[in-house]
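[1] Would you be able to build a 3D model of this:
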Amino acid sequence: MSLINSASRFARAAVRCAKHTDFKDCFLKGQHNSSRITSQLFSTSSVHRVQNVQTEHEPLTLSTEQNGIRTICLNNPKKRNALSLAMLQSLYHDLKRDQKDLRVIILTAKGRVFSAGHDLKELTPETGSDYHEEVFSTCTSVMNLIQDLDVPVIAQINGLATAAGCQLVATCDIAVASASSQFATPGVNVGLFCTTPAVAVGRSVPRKVAMEMLLTGHPISAQDALLHGLVSKVVPDDDVERETMKIAERICETSKRVSALGKATFYAQMALERRNAYRLAERIMVENLTLDDGIEGIEAFIQKRKPIWNRED
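    From the prediction side, this is the model:
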């Protein structure tokens, strides 16, 4: 696992190198209508400061795991699965814990809204700037964690995903949406521009599409989200869970170490200029060939047999 960690550190260092003129030197050093739908888009639940608990004594997130696939379900449908501070803390915990035998994480939600984004009652003058900073920094930590994890994270959407909820979808590695799902960044309609959601959305869809979403707040359909790259696949509403699980099971058939290396490098190279991205990718390909699973995979291909991956971390 030390090689994976080393490669991941190298990939992250490469992003920092992008700011330098000479990448090689750095490389060597670092090895509907808007007003109607707006009322549905945001939650107005009261402020929660107690981690992982609802007033009704139900957990804010439900986590189950089987055969290396962890499913994390946002569990506050009465509040449209708002990403309150407590919800974000609970989500962060469920994402990060017990990574040893984990292969895939699926994010889903109870109810007809995947997530309506931040709880606006947490963002009033009464709660104060320090609390607001904690909300947004915790949300950023969740988003960064999703892409820093070794395992792929799949969003399973069957409903509305707006503001920070749309940000969550855009951040996941893969997103499977039901045909009736919708996506929006409607903060402008309530005087709070979706600046942090724009970071993830703007890296998933073309710039002009992102700006239209951000400046109008109008929702886009699942098909438009697919067309513009916000989601990976759109399926009938009744098939979304089945299709998501099919993708997760397929990932489980591959090498965990190779997937982890590939995921880390993908996000690192996307932040680089094209030539520097190729330099990074070349070096990681060479590193990949030294992994036990890299050697095994090629040998199995040549010998026309199924590879036997190393199951140890």
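[2] can you pull out the strands in this structure?
    Secondary structure of the chain (DSSP state E): strands at 61-66, 69-74, 104-109, 113-115, 153-157, 160-162, 174-178, 182-184, 220-221, 233-235.
[3] L291 is nearest to which of the ones you listed?
    Closest approach to L291 among those (CB to CB): strand 104-109, 19.7 Å. Where C-beta positions appear, they are placed from N, C-alpha and C, glycine not excepted.
[4] quick one: average confidence on that closest one?
    Across strand 104-109, the average pLDDT comes to 98.
[5] Could you do stretch 114-134 as well?
    The average pLDDT within stretch 114-134 is 95.
[6] quick one: buried residues of stretch 187-194?
    The neighbour-count check on stretch 187-194 (16 or more other CB atoms under 10 Å) flags 187-189, 194 as buried.
[7] Save the residues you listed as a markdown table, and put in distance to A260 and pLDDT too.
    A markdown table is the format used below for these (distance: CB to CB, whole Å; pLDDT from 0 to 100):
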| residue | distance to A260 | pLDDT |
| --- | --- | --- |
| G187 | 34 | 95 |
| V188 | 38 | 94 |
| N189 | 40 | 94 |
| C194 | 31 | 96 |
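[8] what's the most distant pair in the residues you listed?
    Spanning the widest gap among the buried residues of stretch 187-194 are N189 and C194, at 10.0 Å by CB to CB.
[9] Export the strands of the chain to JSON lines and append columns for mean neighbour count and distance to D94.
    Shown next, in JSON lines, are the strands of the chain (neighbours: other CB atoms under 10 Å; distance: least, CB to CB, whole Å):
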{"stretch": "strand 61-66", "mean neighbour count": "15", "distance to D94": "4"}
{"stretch": "strand 69-74", "mean neighbour count": "22", "distance to D94": "5"}
{"stretch": "strand 104-109", "mean neighbour count": "24", "distance to D94": "8"}
{"stretch": "strand 113-115", "mean neighbour count": "29", "distance to D94": "15"}
{"stretch": "strand 153-157", "mean neighbour count": "26", "distance to D94": "11"}
{"stretch": "strand 160-162", "mean neighbour count": "29", "distance to D94": "19"}
{"stretch": "strand 174-178", "mean neighbour count": "25", "distance to D94": "18"}
{"stretch": "strand 182-184", "mean neighbour count": "27", "distance to D94": "23"}
{"stretch": "strand 220-221", "mean neighbour count": "18", "distance to D94": "29"}
{"stretch": "strand 233-235", "mean neighbour count": "18", "distance to D94": "24"}
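[10] Can you check which of these gets nearest to V258?
    For V258, the closest of those is strand 104-109, at 14.2 Å, according to CB to CB.
[11] other SSEs contacting the closest one?
    Under the contact criterion of 3 or more CB pairs under 8 Å, 6 or more residues apart in numbering; DSSP states H and E, strand 104-109 touches strand 69-74, strand 153-157, helix 240-252.
[12] Next, the angle strand 69-74 makes with the last one.
    The directions of helix 240-252 and strand 69-74 differ by 140 degrees, with axes from the mean of the first three to the mean of the last three CA atoms, to 10 degrees as the criterion.
[13] tilt between helix 240-252 and strand 153-157?
    Per the same axes, to 10 degrees, the angle that helix 240-252 makes with strand 153-157 is 170 degrees.
[14] Not counting helix 240-252 itself, show me its contacts.
    For helix 240-252, the surrounding residues in contact (CB atoms under 8 Å, 6 or more residues apart in numbering) are 67-69, 103-104, 106, 108, 152, 154, 156-158, 174, 176-178, 233, 235, 259.
[15] Mind doing that once more with 6 Å?
    Helix 240-252 is contacted from outside by 68-69, 103-104, 106, 152, 154, 156, 158, 176, 178, 235, using CB atoms under 6 Å, 6 or more residues apart in numbering.
[16] can you check stretch 140-158 too?
    Residues contacting stretch 140-158 (CB under 6 Å, 6+ apart): 88, 91-92, 95, 102-108, 114, 169, 171-178, 181, 240, 244, 251, 260, 267.
[17] and if we set it to 7 Å?
    Under the contact criterion CB atoms under 7 Å, 6 or more residues apart in numbering, stretch 140-158 has outside partners 88, 91-92, 95-96, 99, 102-108, 114, 167-169, 171-178, 181, 196, 200, 237, 240-241, 244, 247-248, 251, 259-260, 263, 267.
[18] Pull up the distance across that stretch, start to finish.
    Stretch 140-158 has its terminal residues 24 Å apart, counting by CA to CA, to the nearest Å.
[19] burial count for P307?
    17 (other CB atoms under 10 Å).
[20] re the thing from before, make CSV from the buried residues of stretch 187-194 and add distance to K306 to it.
    As requested, these are exported to CSV (distance: CB to CB, whole Å):
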residue, distance to K306
G187, 49
V188, 52
N189, 53
C194, 46
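[21] tell me, which helix in this protein spans the most residues?
    Counting by DSSP state H, the longest helix found in the chain is helix 129-148.
[22] pLDDT weak spots in this structure?
    Applying pLDDT under 70 to the chain flags the ranges 1-56, 312-313.
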